[in-house]
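# no FASTA, just this:
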């Protein structure tokens with residue numbers, strides 16, 4: 001039988017845990033942003049950094065807050081629907097569609113605009129409120145057949161570790177439920193998927209999984225901005241981002257065709273809740289070259305998050321032996337882990353052109369180095385945690401890269417009506433991945449003397465890959481890959497009141 005792994009590889013495999021350890025997807029999830037803000041901002045593709053006078057710029061280029069001439073209160077009810085097509089790699093597998101809808105508030109906030117005592121400073125503006133930076137609501141479902149089993153992962157992780165040292169969330173659970181059995185100090189554990197006690201992957205296995213995700217990343221903003229001589233607009237934002245993320249994954253394998261001796265069915269459930277908050281700082285400037293042309297720039301410090309994960313797992317395993325059909329069910333204890341994540345710096349350049357009184361055109365380019373994200377485990381005295389922290393940050397360096405995101409749009413004004421359109425291109429955070437996800441948006445609005453209302457629709461397309469469980473490089477041919485094609489539709493309406 002193939003030799004088992006040495007301790008260092010075992011620790012590396014533990015690092016790749018799906019639910020009981022932090023992983024690369026956490027860094028990506030909290031670093032890739034899709035700022036909602038107001039319907040006006042979304043309607044022009046999010047490209048308002050050089051123009052301002054919209055509450056959303058408090059989270060992008062705070063200098064734009066100095067363009068407010070009057071105090072203003074806004075709030076933005078939003079309906080969002082995500083439709084996901086998922087397909088497990090395999091010759092005869094088909095894609096399966098699932099969807100999830102949710103109602104939220106993409107923005108609520110107020111700005112106070114006044115005139116400072118100095119004659120050269122034309123406005124002094126203070127703003128406070130909340131902008132939504134990301135929406136995690138999503139359902140994914142797939143089914144199909146492929147070689148390999150999740151028990152291959154547990155077999156790798158367990159190695160020749162004695163029974164009383166198996167972890168409580170995967171390998172220990174698998175042993176107690178019968179997915180691993182007959183421990184031998186030399187050979188390790190057996191599974192129903194090892195053909196004649198040789199390598200895994202000999203059987204074609206029916207698989208399915210349903211993933212339910214929900215939550216959001218919202219940012220509380222405190223902004224101060226000023227307009228100097230109608231030439232320079234300068235602003236700063238103190239941001240307090242708040243994370244709330246929940247995920248439930250129900251993974252199943254079955255043997256309806258009786259291809260696998262003894263094995264009938266397994267169901268593995270993972271639950272995760274992540275909560276925490278952070279802090280960041282944003283500085284922006286806008287230069288009015290003329291009444292027609294505006295240029296803007298902004299820099300965002302990394303967000304430093306303090307997070308706590310709460311997680312648990314369950315396993316149900318059914319098999320048939322000499323004693324008949326057996327079904328064993330086991331549950332892990334409730335686990336928790338505290339740690340920190342530092343997201344990347346962000347640099348934004350923007351430009352806008354005012355076309356008389358008939359509207360504007362604007363564009364933004366954003367640079368993000370996702371490889372600069374970092375994990376910091378709070379319990380630094382634990383050597384195992386220190387090693388996991390270092391290996392995880394090495395994985396970020398090796399797997400993630402820098403990206404340029406582009407947003408552009410425009411607005412046409414006809415008396416009190418406004419018509420808008422925009423487009424954005426978001427590059428993949430993964431190194432060597434040239435995939436770019438696009439989103440288009442349209443919008444309209446009404447501008448009254450003391451009241452305004454804006455509408456927007458945004459459709460974004462996102463393509464990615466998902467792996468229900470991970471194996472070492474020795475079994476890369478048995479890695480399960482699910483292709484994800486998501487279409488997300490967002491309907492927004494912003495109500496605004498001039499104060």
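On my side now, so go ahead. Keep in mind that this is a model prediction, so the values were computed, not measured.
# low pLDDT regions in the stretch 251-400 of the chain?
Residues of the stretch 251-400 of the chain meeting the criterion pLDDT under 70: 379-381.
# now do the strands in it.
Here the stretch 251-400 of the chain has its strands, by DSSP state E, counting those that start in this stretch, at 263-288, 293-300, 304-321, 324-331, 335-342, 346-355, 359-369, 374-377.
# pull the residues that contact the shortest one.
Looking back up the chat, that one is strand 374-377. Outside of strand 374-377, the residues within contact range by Cβ atoms under 8 Å, 6 or more residues apart in numbering are 22, 26-27, 339-342, 385-386, 388-389, 392-393, 396. All C-beta atoms are positioned from the backbone trio N, CA, C, and that covers glycine.
# buried set for that strand?
Residues of strand 374-377 classed as buried: 374-375, 377 (neighbour count, 16 or more other Cβ atoms under 10 Å).
# and of these, the nearest to residue 474?
Of all the buried residues of strand 374-377, residue 474 sits closest to residue 375, with 25.7 Å by Cβ to Cβ.
# sorry, back to before: could you dump the strands of the stretch 251-400 of the chain into CSV with distance to residue 122 added?
Shown next, in CSV, are those (distance: least, Cβ to Cβ, whole Å):
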stretch, distance to residue 122
strand 263-288, 11
strand 293-300, 15
strand 304-321, 35
strand 324-331, 64
strand 335-342, 37
strand 346-355, 17
strand 359-369, 20
strand 374-377, 41
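# excluding chain neighbours, give the residue nearest to residue 123 in space.
Leaving aside its chain neighbours, residue 123 sits nearest to residue 227 (4.2 Å; criterion: Cβ to Cβ, 6 or more residues apart in numbering).
# please list all residues in contact with the one you found.
Residue 227 makes contact with 66-67, 121-123, 125, 233, according to Cβ under 8 Å, 6+ apart.
# show me how to select, in ChimeraX, the buried members of these.
To isolate the buried ones among the contacts of residue 227 in ChimeraX, judged by 16+ other Cβ under 10 Å, type:
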select :66,67,122,123,125,233
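# just the ones of the contacts of residue 227 in strands?
Among these, the members falling in strands (DSSP state E) are 121-123, 125, 233.
# for those residues, which one is nearest residue 314?
Nearest to residue 314 among those, with distances taken as Cβ to Cβ, is residue 125, at 52.4 Å.
# bridged to the closest one, which residues?
residue 113, residue 225 (DSSP bridges).
# does it touch residue 111 like I think?
Yes: between residue 125 and residue 111 there is a contact under Cβ atoms under 8 Å: 5.7 Å.
# overlap in contacts of the two?
Each of 65, 68, 223 lies in contact with both residue 125 and residue 111 under the rule Cβ under 8 Å, 6+ apart.
# most neighbours of all those residues, which one?
residue 65 (31 neighbours; other Cβ atoms under 10 Å).
# ok, it to residue 249 distance?
Distance, residue 65 to residue 249, by Cβ to Cβ, to the nearest Å: 41 Å.
# how far off centre is stretch 480-488?
When distances are taken as Cα atoms, centre = their mean, to the nearest Å, stretch 480-488 is centred 14 Å away from the chain's centroid.
# cool, stretch 368-386 as well?
On Cα atoms, centre = their mean, the centre of stretch 368-386 falls 18 Å from the chain's centre.
# show me the helices in the stretch 151-300 of the chain, by range?
Remark: helices assigned in the stretch 151-300 of the chain by DSSP state H, counting those that start in this stretch are 171-176.
# so what pLDDT did the most centrally placed residue in the chain get?
Nearest residue to the geometric centre of the chain (Cα atoms, centre = their mean): residue 29, 2.5 Å. Residue 29 is assigned a predicted lDDT (pLDDT) of 93.
# same deal with residue 1?
Listed pLDDT for residue 1 reads 36.
# equivalent analysis for the one 5 residues further on, please.
We have a pLDDT of 30 for residue 6.
# kindly report the same for residue 473.
82.
# list the contacts for it?
Per Cβ under 8 Å, 6+ apart, neighbours of residue 473: none.
# picking up where we left off before, please report how far the residue nearest to the centre of the chain lies from residue 267.
Distance, residue 29 to residue 267, using Cβ to Cβ: 26 Å.
# do residue 374 as well
Here the criterion is Cβ to Cβ. By it, residue 374 lies 36 Å from residue 267.
# how about residue 89?
Plainly put, residue 89 is 22 Å away from residue 267 if you go by Cβ to Cβ.
# in terms of neighbours, single out the busier of those two.
More neighbours surround residue 267 than the other of residue 89 and residue 267, with 16 against 13 (other Cβ under 10 Å).
# now the residue lying closest to that one once chain neighbours are set aside, which residues is it bridged with?
Residue nearest to residue 267 in three dimensions, not counting chain neighbours: residue 316, with 4.5 Å by Cβ to Cβ, 6+ apart. Here residue 316 sits in beta bridges with residue 267, residue 329, going by DSSP bridges.
# quick one: buried residues of the longest helix seen in the chain?
Criterion DSSP state H: the longest helix present in the chain is helix 383-399. By neighbour count on 16+ other Cβ under 10 Å, the buried set for helix 383-399 is 385, 387-389, 391-393, 395-396, 399.
# how about CSV for those residues, with distance to residue 147 added?
Listed next are the buried residues of helix 383-399 as CSV, based on distance: Cβ to Cβ, whole Å:
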residue, distance to residue 147
385, 35
387, 32
388, 30
389, 34
391, 28
392, 29
393, 33
395, 26
396, 30
399, 25
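# nearest to residue 295, of those residues?
Once Cβ to Cβ is applied, the member of these that ends up nearest residue 295 is residue 396, at 33.2 Å.
# check contacts around the closest one.
With contact set as Cβ under 8 Å, 6+ apart, residue 396 has these partners: 24, 27, 370-371, 373-375.
# at 6 Å what do you get?
Going by Cβ atoms under 6 Å, 6 or more residues apart in numbering, residue 396 touches 27, 373.
# repeat that for residue 228.
Contacts for residue 228 (Cβ under 6 Å, 6+ apart) come out as residue 121.
# what's the answer for residue 158, then?
Counted by Cβ under 6 Å, 6+ apart, residue 158 has contacts 171, 180, 189.
# so for the helix or strand containing residue 134, mean pLDDT?
Residue 134 belongs to strand 121-135 when elements are defined using DSSP states H and E. For strand 121-135, mean pLDDT rounds to 95.
# for it, packing partners?
The contact analysis (3 or more Cβ pairs under 6 Å, 6 or more residues apart in numbering; DSSP states H and E) places strand 121-135 against strand 96-114, strand 204-228.
# got the contacts of residue 227 as CSV, with distance to residue 413 columns?
Output for the contacts of residue 227, formatted as CSV (distance: Cβ to Cβ, whole Å):
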residue, distance to residue 413
66, 21
67, 16
121, 28
122, 23
123, 22
125, 23
233, 21
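# ok, the contacts of residue 227 vs residue 440, which is closest?
Taking Cβ to Cβ as the measure, residue 440 lies nearest residue 67 of those, at 25.8 Å.
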